[in-house]
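Colleague: Build me a model from this:
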Amino acid sequence: MKKLILSAIVALTAFHFDGIAQKKQASQEVKVTIDLNQVKEDKVMVTITPPSFKSQEVVFHIPKTVPGTYSSDNYGKLIVDLKALDKSGKELTVTKTDDNSWKISNAKALSKVTYWVNDTYDTETGRGFGKDEIFSPAGTNIDEGKNFMLNNHGFVGYFDDKLEIPYHVTITHPATLFGSTSLIDTDKSDTVDTFKTERYFELVDNPIMYCKPDYVTFNVDGMEILFSVYSANGMHTAKSLSTYLETTMRAQKAFLGPINNNKKYTVLLYLSDMQKKDAKGFGALEHHTSTTVVFPDMMPAAALGEQIKDVVSHEFFHIVTPLSIHSKEIQYFDYNNPKMSKHLWMYEGVTEYFANLFQVNQGLIDADEFYQRMIGKINNASSLNDTMPFTEMSAKVLEQPYKDQYLNVYEKGALIGMCIDIIIREKSNGERGILDLMQKLSSEYGPNKPFNDDELFAKITSLTYPEVGEFLNTYVAGPTPIKYDDYFAKVGVGKTKISLPMNPFLKDQSTPFITVDGKTKEIMVIPSQDLNAFMTNLGIKGGDLILAINNKDYNLDNIYDMIMESQNWKEDDAISVKIRRDGKEQVIKGKVKLATEEVEGYQLIDASKEKLNKAWLTGK
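Modeller: The predicted structure is shown next:
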């Protein structure tokens with residue numbers, strides 16, 4: 001609040017200054033130039049023209065940590081040959097004080113800062129998020145003439161106490177590349193883009209991806225969606241994948257109702273080449289009006305579509321929290337010495353819960369699949385520390401041993417959201433749920449009004465029921481494990497035996513029915529006396545070579561596609577399989593028959609709770 005008050009005082013005072021003072025005030029902006037035409041040893045040049053300084057020294061920073069990653073990534077390590085120059089081009093004394101900070105002497109004479117920026121994608125090892133490697137959706141790419149992934153925190157820094165002034169960014173680029181972003185380009189040139197943001201956060205919050213134009217736009221209830229795709233090997237296009245995204249986002253908007261009023265949202269999908277040095281950390285990173293997504297280019301379209309549905313939906317729901325509902329730790333984020341909020345259970349957990357709940361709410365999955373997803377999260381959470389208070393883990397997530405428990409935000413965090421949802425449904429006789437709570441919190445706070453971290457539980461309790469407050473204090477702030485079966489029982493769900501379809505080509509998770517001839521790359525059915533229903537129904541025999549399915553050829557090079565695509569087959573779907581048996585080719589036509597296995601699962605077993613169960617899952 002102090003920064004906002006001081007800004008207001010300065011603005012009011014400046015109103016009465018003369019023209020000279022107004023001119024000085026106007027100079028308080030940071031100008032940035034990024035040259036994507038001149039790539040030197042896989043690096044690009046950035047030039048920063050600073051505002052004026054009254055102090056003798058100033059510190060320039062590149063972020064150590066950025067919102068949404070919950071890790072110390074030290075983007076300053078990407079910076080090479082940083083120089084501070086006066087108006088005559090003379091170098092000023094620069095002292096590097098840590099991985100991400102440079103102290104500049106004689107700051108009053110500072111005219112510009114220049115440096116080269118390296119990227120992250122071609123140095124990734126695949127060790128993964130949280131393992132001392134920058135998560136690919138938060139990383140950067142410099143591939144001359146082909147692709148530039150500008151997560152701006154990796155390219156542009158800030159000066160001490162100058163986070164709240166405008167940034168004016170000019171990017172020069174080849175005419176063959178188009179920059180996709182939610183930022184507004186005020187330059188109409190094919191080779192120059194100009195963006196202006198009100199403060200540093202807004203620049204960091206809006207990634208830009210440059211590549212050969214491959215994008216689609218569509219409108220969802222007044223919100224313009226820009227979907228831009230870079231496919232390293234040309235395996236996919238924005239048009240071919242847009243149906244998955246559009247279906248998902250229409251369902252999400254219907255689920256959220258009036259809680260969101262974004263006018264534009266951008267999805268940047270980078271599909272990496274797994275055969276080269278390229279991005280290996282798969283997933284997405286949220287922003288207020290966009291998300292960056294990274295997956296392997298080799299994924300079949302159907303599998304990629306499912307990932308888009310699950311992963312992008314999670315990121316889009318971040319428009320609710322933390323983007324609209326967040327604490328002061330996030331509003332006034334310190335990029336180099338961050339203080340973390342206690343409420344990852346809400347920022348990530350409730351978001352992940354919504355990413356699953358909306359699918360059953362909008363009919364994209366059925367209730368049984370939703371139950372199984374929640375059970376999967378229970379199983380995953382059981383392998384992590386179930387007695388570590390969630391608020392404590394959140395506040396200390398950048399240090400050990402809390403850092404190793406971060407992934408529980410997607411498991412137990414989502415289950416916390418589920419339990420709160422069920423409590424509210426039960427107490428309100430099905431009329432309200434956790435979405436109603438988030439709508440009220442969004443109205444109470446919003447993007448520019450943060451809450452005090454220690455006051456959130458009391459606010460939630462006042463908007464809901466005492467039982468919700470008791471749950472938060474016992475199971476979220478306390479060390480007590482949650483008895484999930486008790487909450488499932490409130491909505492009539494319990495353990496029972498269920499039948500699940502098995503993959504047509506797998507006997508179990510480790511035993512396939514098929515193998516590959518290493519010399520010819522052909523796929524062969526393993527000789528066996530107990531082939532499954534899929535094969536016996538079609539008359540496929542052990543030793544048969546599978547050449548094509550539904551007119552698509554398969555061999556070792558795309559066997560993964562065949563297995564993944566078969567996951568989407570339904571009972572009695574029409575199918576044709578081209579085989580070679582005893583040297584002769586033939587096409588077998590028939591219907592898909594799927595073997596099933598009996599497993600312990602969860603279903604609605606208490607008919608007296610059916611109405612409440614329906615309200616929970618469908619909101620009706």
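
Colleague: what's the single longest strand in this structure?
Modeller: As assigned by DSSP state E, the longest strand anywhere in the chain is strand 30-40.

Colleague: What pairs with it, parallel or antiparallel?
Modeller: Strand pairing for strand 30-40, determined by DSSP bridges: strand 43-49 (antiparallel), strand 167-172 (parallel).

Colleague: Residue 246: what's it in contact with?
Modeller: In this structure, residue 246 makes contact with 218, 220, 225, judged by C-beta atoms under 8 Å, 6 or more residues apart in numbering. In this view, the C-beta of every residue, glycine as well, is placed from N, C-alpha and C.

Colleague: From the contact counts, what lies against the helix or strand containing the last one?
Modeller: For residue 225, the element it lies in under DSSP states H and E is strand 223-231. Taking 3 or more C-beta pairs under 8 Å, 6 or more residues apart in numbering; DSSP states H and E as contact, the helices and strands that strand 223-231 lies on are strand 178-180, strand 208-211, strand 215-220, helix 238-256, strand 264-272.

Colleague: For it, buried residues please.
Modeller: For strand 223-231, burial by neighbour count (16 or more other C-beta atoms under 10 Å) applies to 223, 225-231.

Colleague: same thing with stretch 552-564?
Modeller: Neighbour counts over stretch 552-564 (16+ other C-beta under 10 Å) mark 554-555, 558-559, 561-564 as buried.

Colleague: Could you do stretch 276-283 as well?
Modeller: Buried-residue list, stretch 276-283, by 16+ other C-beta under 10 Å: 278-283.

Colleague: for stretch 45-64, same thing?
Modeller: If you call a residue buried by 16+ other C-beta under 10 Å, then stretch 45-64 has these buried ones: 45-46, 48, 50-51, 53, 58-64.

Colleague: Check the buried residues of stretch 276-283 and tell me the two furthest apart.
Modeller: Across the buried residues of stretch 276-283, the longest distance by C-beta to C-beta is 15.1 Å; it joins 278 and 283.

Colleague: on that earlier part again, widest-spaced pair of the buried residues of stretch 552-564?
Modeller: Greatest spatial distance among the buried residues of stretch 552-564 (C-beta to C-beta): 555 and 564, at 15.3 Å.

Colleague: so where is the stretch 251-400 of the chain shaky, pLDDT-wise?
Modeller: Regions of the stretch 251-400 of the chain meeting the criterion pLDDT under 70 cover residues 260-261.

Colleague: Which stretches in it count as helices?
Modeller: 301-307, 313-316, 328-331, 344, 351-361, 367-382, 390-395 (DSSP state H, counting those that start in this stretch).

Colleague: Now tabulate these in TSV and tack on mean neighbour count and distance to residue 243.
Modeller: Listed next are the helices of the stretch 251-400 of the chain as TSV, based on neighbours: other C-beta atoms under 10 Å; distance: least, C-beta to C-beta, whole Å:
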stretch	mean neighbour count	distance to residue 243
helix 301-307	18	8
helix 313-316	24	15
helix 328-331	19	34
helix 344	23	33
helix 351-361	24	16
helix 367-382	17	20
helix 390-395	22	37
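
Colleague: would you list the ones you listed in JSON lines and tack on distance to residue 536?
Modeller: Converted to JSON lines, these look like this (distance: least, C-beta to C-beta, whole Å):
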{"stretch": "helix 301-307", "distance to residue 536": "25"}
{"stretch": "helix 313-316", "distance to residue 536": "38"}
{"stretch": "helix 328-331", "distance to residue 536": "57"}
{"stretch": "helix 344", "distance to residue 536": "50"}
{"stretch": "helix 351-361", "distance to residue 536": "34"}
{"stretch": "helix 367-382", "distance to residue 536": "27"}
{"stretch": "helix 390-395", "distance to residue 536": "50"}
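
Colleague: Quick one: closest of these to residue 263.
Modeller: With C-beta to C-beta as the measure, helix 313-316 is the member of these nearest residue 263 (14.4 Å).

Colleague: mind putting the buried residues of stretch 276-283 in JSON lines, distance to residue 407 included?
Modeller: Formatted as JSON lines, the buried residues of stretch 276-283 follow (distance: C-beta to C-beta, whole Å):
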{"residue": "278", "distance to residue 407": "24"}
{"residue": "279", "distance to residue 407": "20"}
{"residue": "280", "distance to residue 407": "17"}
{"residue": "281", "distance to residue 407": "13"}
{"residue": "282", "distance to residue 407": "14"}
{"residue": "283", "distance to residue 407": "11"}
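
Colleague: so what's the residue nearest to residue 377 when sequence neighbours are not counted up against?
Modeller: Nearest residue to residue 377, sequence neighbours excluded (C-beta to C-beta, 6 or more residues apart in numbering): residue 411, at 4.6 Å. Contact partners of residue 411, counting by C-beta under 8 Å, 6+ apart, are 377-378, 380-381, 384.

Colleague: Local confidence estimate at residue 411?
Modeller: Residue 411 is assigned a pLDDT of 97 by the prediction.
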